[in-house]
Structures are given as C-alpha cells and as structure tokens.
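> Sequence first, predicted coordinates after that:
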Amino acid sequence: MKRITIAKGDGIGPEIMEATLKVILAAGAKIQMDEIKVGEEVYLSGNTSGISNTSWDVIRKNKIFLKAPITTPQGGGYKSLNVTTRKFLGLYANIRPCISLHPFVKTKHPVMDVVIIRENEEDLYAGIEHQQTDEVVQCLKLISRPGCEKIVRYAFEFAKQQNRKKVTCFTKDNIMKQTDGLFHKVFDEIAQEYPNIENEHWIIDIGAAKLADTPEYFDVIVMPNLYGDVLSDVAAQITGSVGLAGSANIGEECSMFEAIHGSAPRRAGQDIANPSGLLQGAIMMLNHINQNDVAERVHNAWLKTIEDGIHTYDIFKPGISKQKVGTQAFADAIIQNLNKKPSQLKSVTYSVNTELNLKPYVRKKSKLKTLIGVDIFLHWAGTNPNDLAQLLKPLNTDVFELAMITNRGIKVWPDGFKETFCTDHWRCRFKAFKGKSFTKHFILQLLDKTEQLGLDSIKTENLYEFDGIPGFSLGQGQ
Ligand code: NAD
C-alpha cells in the first residue's frame, strides 16, 4: 500500500479527480490517500502562496502527489502554486507524452507519438522581475549548468529506458548565446554518452513549426521551461484535445502527477470535462510507484473506451464517435473495460517502472574568472545617445573606457543610427584596456561618479572572462 497526497483543485478539478480515483481504485491501485486543500479557496483566504504549511508537510512526507488543476487568481500578487511546488520540491523534469489516437480521435496527425521533456525549474520561470525605469521592466532568464545537465540526462535516460530512437533539443541559441547556448552545449556534451540514440538540435521557431506540421518526425524533445510549457500544449492539442495529456513532474525525492491543462472554469460543475489528462497523470504515477500491472490495466481500458467511440464533448465527432458522455459516465465506461485491451489501437505494457537512476551532478573544476569591465544601466530621460556618451566620457581612465552604449540591447553609441528608437533604459559598457587589471573598486568609483553627475544608475552587471572566453554577449550591431 502506497500513501500518496491528493488535491482536488479548482474548476473541473474535483470532477476529473473523482473520475480518476474511481477508475484507478477499481483497477486495484494499492494507495492510501491524504487529501490537502490547495488553490483558489486557500488564495482567497489570504494565503498568497495558495497552500498552507501543514499541507507542505503532508506532501513532503508522502513524496507522491496527485494534483488536479487549480486556478491562480489573476493580479493581487498571487504566486502560481504549480510553479512554486515544482521549484520547492526540486521537480526538475516535466514529462508530457502526446500520442495520437487515430482513427478514433480526430487529428490531422495520425502517427504522432512525441514525448516532451521540459525543464521545470529555471528559465524565465524564476519569476525574478523588476521595473527599472518608467518605460522598462525586466524578467531575468536564469539557466544553470546543473539544471541543463539534469534535464538533458533525464531525456536521454528516458529515451534509453523506453526504447526511443531520437532525442531532439529545441533552443533559441542563435539569439540567446549564453543561456540557450549553455542548454545546447550541455545537450551536445551529454548526447556523446548515448551513441545508440540519435540526437539533433533545432532552433525553436522552425522546430515548433515542424512539430505543429509534421510531429511524426519527432520522438523525444527536450527543451527549456518556457518553450516546453507552450509547445506541450500545442503538441497535446494537435493529438485531438489538450484534455488528453498527462504530465509527470519528477524530482530526486518527490514527484507530482497532473493533467497538462488548467482548471477550465467555464466547464466546471457540468460533468462534461474530459478526465483523460488527469487519468494519464495517474497512470504515470502508478508506473512510477511500481504498480505497473494497475497502470497497464487502466491504460488499456482507457484505450479500449476511446476505441469504442465513447467520448467526452471535446473529442466527440459525429461519424467517428459513437456516444457522447459526461465525465463520470466516461470513467464508468473505462471501469467496464478493465481487463480488456484495445483491438486496433496499440495496447500498452508497463514492464519497468519509470523511476530513473541518474548519475548525480558533479560540479566541474572552477575556471579562471577575470573581471574585465562592467555594464552600468542608467535611467536617463534624454534621447540622444551622443549626449549621454559626452556626459560619461570624462569617467574614462588609463585603465578603462566607455566602450559602448546600447538601448534595449542594440548599439546606439558609437556610430548609432538615428532611426533606432530609444527608451529611458541605457546600458553603458566600461571595459578595461588589454593588459590592464580591472577591479570592483573601479565599479564603485564609476557608480559614485555617475551619482555625482546626477545620473540614475539602476543596476550593474560585471563583465567576466572565464579561462579567457568572454562570459557576456556583444551589443547587437557591435
Ligand atoms: P485551461 O487549460 O484550463 O482551459 C482552456 C480550455 O481548454 C477550456 O476552456 C476547455 O475548452 C479546454 N479544456 C481544458 N481542459 C479540458 C478538459 N479536461 N476537458 C475538456 N476541455 C478542456 O486553460 P485556461 O483557461 O487558460 O486556464 C484556466 C485556469 O487554470 C487559470 O487559472 C490557470 O492559471 C489555471 N491553470 C492551471 C494549471 C495547473 O493547475 N497545472 C495549468 C494551466 C492553467
């Protein structure tokens, strides 16, 4: 008997949870459940995190969490509980299988079988945002080497375990050379350890277009958080409905299983929602906790029910479907089919549990880190970058000089274009001359002097070289 935590969530959550539990218990799931309250009710009671401390204790003790979707109230400083849970519990891998059920569920992509493996903790989802000037706000995109290594290794180990042939990586490293560049670099490094699995990298924009158009080309796709969030919805939707896909959030200690969709408040309380997404999440959970026989029984009964044409409204199509049913009737139909297998759709067998035994991350030897300058960001209401350069040039010394000014990343001094639109947010790069040693003392001096000039410095970014290689991007147009 495995003790798990469940949360019934908001909107359609309670209905699809009831349906899911009914099916897995009828199939013989050996689970004991502790229910916790999360989401709207908790948020609106004044807890901006949407969950109480005692609920965290339950989740951490049981380690396995089956969660229905929740509603994050908009505005009001409410933090997304989904993002918080994934990060607090270190659930770094999000696995989202998206499989067509042709010809029983209408889809333009009859042979699609893609697993999206999404990095789950980093990227723009660090949620570190600041308003810096009247006109400019900023969100920090954080990508770490351990984060990349863990998710990429997970993708290859998953592919190996599931006998999949290819792992594809999507990034936008032609633009974000440091952040997405690191993800791509780590992908190339780790791919070398798996010579029997094909590997390839696509720039995300054309990769996304190819995925939407020709998903059968792909097998396992690994990508940073934001791209994975967006593209897994696209991938699920083009199999027939976003209501069909489940998701496993895996960490070293705890795991959370859910549907990929949200709480669909407009569909709530009507017994019409498709419970398949949460049921798929529950199947992944059963597989994860080594109840493979139950996972297999439920999955095959679900496939048989879909094949029988018993469909909820979202996938119901006259001519293909036979009977339109509500949430609970769909669950009852699956229960009737327990111990049956589909005859046309491929039946599934779960022979291994999906818990992967991954090599732990090992920190590499530190590189030689040399400070060679600083970017000082200013809130300045002027419009002509040449005027700003004139103000700053007196700060030059025989160690460093003003090398460049950019506005929203594009170089506007020296040799800017008068056509370039400028906001009130300016990056002023001071760089040491070759062979001169630059220290933090110079940064403090620069900040002091800009202050004396009446300029509003809003932040600095140190410019480092690591083993002689610049750890910062050039200005666009530089
Ligand atoms: P959503 O996924 O809840 O619903 C979008 C639309 O998809 C629905 O209107 C419905 O037409 C369809 N749909 C979704 N699930 C379905 C199902 N099971 N059966 C049939 N049709 C289904 O997206 P949204 O409307 O953007 O978000 C609603 C709320 O859900 C928001 O508060 C959001 O923050 C939250 N959300 C929660 C999670 C989560 O808990 N993991 C994930 C995404 C969004």
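Arrived safely, thanks for sending. Numbers count the residues shown, from 1 in each chain.
> any idea of the pLDDT on the closest residue to Ser263 other than its chain neighbours?
Closest residue to Ser263 apart from its sequence neighbours, by Cβ to Cβ, 6 or more residues apart in numbering: Gly11 at 3.0 Å. C-beta here means a position set from N, CA and C on the backbone, and glycine is covered the same way. pLDDT, Gly11: 97.
> go on, Ser351?
For Ser351, the predicted pLDDT is 84.
> in which helix or strand would I find it?
Using DSSP states H and E, Ser351 sits in no helix or strand.
> and it, how far is that from Tyr194?
For Ser351, the distance to Tyr194 equals 21 Å [Cβ to Cβ, to the nearest Å].
> Now Pro385, what are its backbone angles?
phi -60, psi -30 (degrees, to the nearest 10).
> was I right about the residue nearest to Ser263 contacting Ile272?
No - using Cβ atoms under 8 Å, Gly11 is not in contact with Ile272, being 12.0 Å away.
> what does stretch 279-293 rub up against?
The contact list for stretch 279-293 (Cβ atoms under 8 Å, 6 or more residues apart in numbering) reads 2, 4, 16, 19-21, 23-24, 28-30, 64, 66, 95, 97, 244-248, 250, 255, 257-259, 294-295, 298-299, 302, 334, 350-355.
> out of the residues you listed, which are buried?
2, 4, 16, 19-21, 23-24, 29, 64, 66, 95, 97, 244-248, 250, 255, 257-259, 294-295, 298-299, 302, 334, 350, 354 (16 or more other Cβ atoms under 10 Å).
> restrict these to those near the ligand?
Near the ligand, judged by Cβ under 6 Å from any ligand atom, the entries from the buried ones among the contacts of stretch 279-293 are Glu258.
> and the buried ones among the contacts of stretch 279-293, which of them are in helices?
In this view, the buried ones among the contacts of stretch 279-293 that belong to helices under DSSP state H are Ile16, Ala19, Thr20, Leu21, Val23, Ile24, Val294, Ala295, Val298, His299, Trp302, Ile334.
> and the closest residue to the ligand within the stretch 251-400 of the chain, what does it touch?
Here the residue of the stretch 251-400 of the chain nearest the ligand is Gly262; by Cβ to the nearest ligand atom that distance is 2.4 Å. Each residue near Gly262 by Cβ under 8 Å, 6+ apart is listed here: Gly11, Pro69, Thr71.
> quick one: which of those has the most company?
Pro69 (26 neighbours; other Cβ atoms under 10 Å).
> And that residue, how far from Gly281?
From Pro69 over to Gly281 (counting by Cβ to Cβ), the distance is 10 Å.
> can you give me how far the helix or strand containing Val412 is from the chain middle?
Per DSSP H and E: Val412 is located in strand 410-413. Between the centre of strand 410-413 and the centre of its host chain there is 33 Å, according to Cα atoms, centre = their mean, to the nearest Å.
> And for stretch 212-219?
Worked out by Cα atoms, centre = their mean, stretch 212-219 lies 20 Å from the chain centre.
> just stretch 239-257 next, same as before
12 Å.
> Quick check, pLDDT for Ser232.
As predicted, Ser232 sits at a pLDDT of 90.
> can you redo the ones in helices among the buried ones among the contacts of stretch 279-293 as JSON lines with pLDDT?
Formatted as JSON lines, these follow (pLDDT from 0 to 100):
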{"residue": "Ile16", "pLDDT": "98"}
{"residue": "Ala19", "pLDDT": "98"}
{"residue": "Thr20", "pLDDT": "98"}
{"residue": "Leu21", "pLDDT": "98"}
{"residue": "Val23", "pLDDT": "98"}
{"residue": "Ile24", "pLDDT": "98"}
{"residue": "Val294", "pLDDT": "97"}
{"residue": "Ala295", "pLDDT": "97"}
{"residue": "Val298", "pLDDT": "98"}
{"residue": "His299", "pLDDT": "98"}
{"residue": "Trp302", "pLDDT": "98"}
{"residue": "Ile334", "pLDDT": "98"}
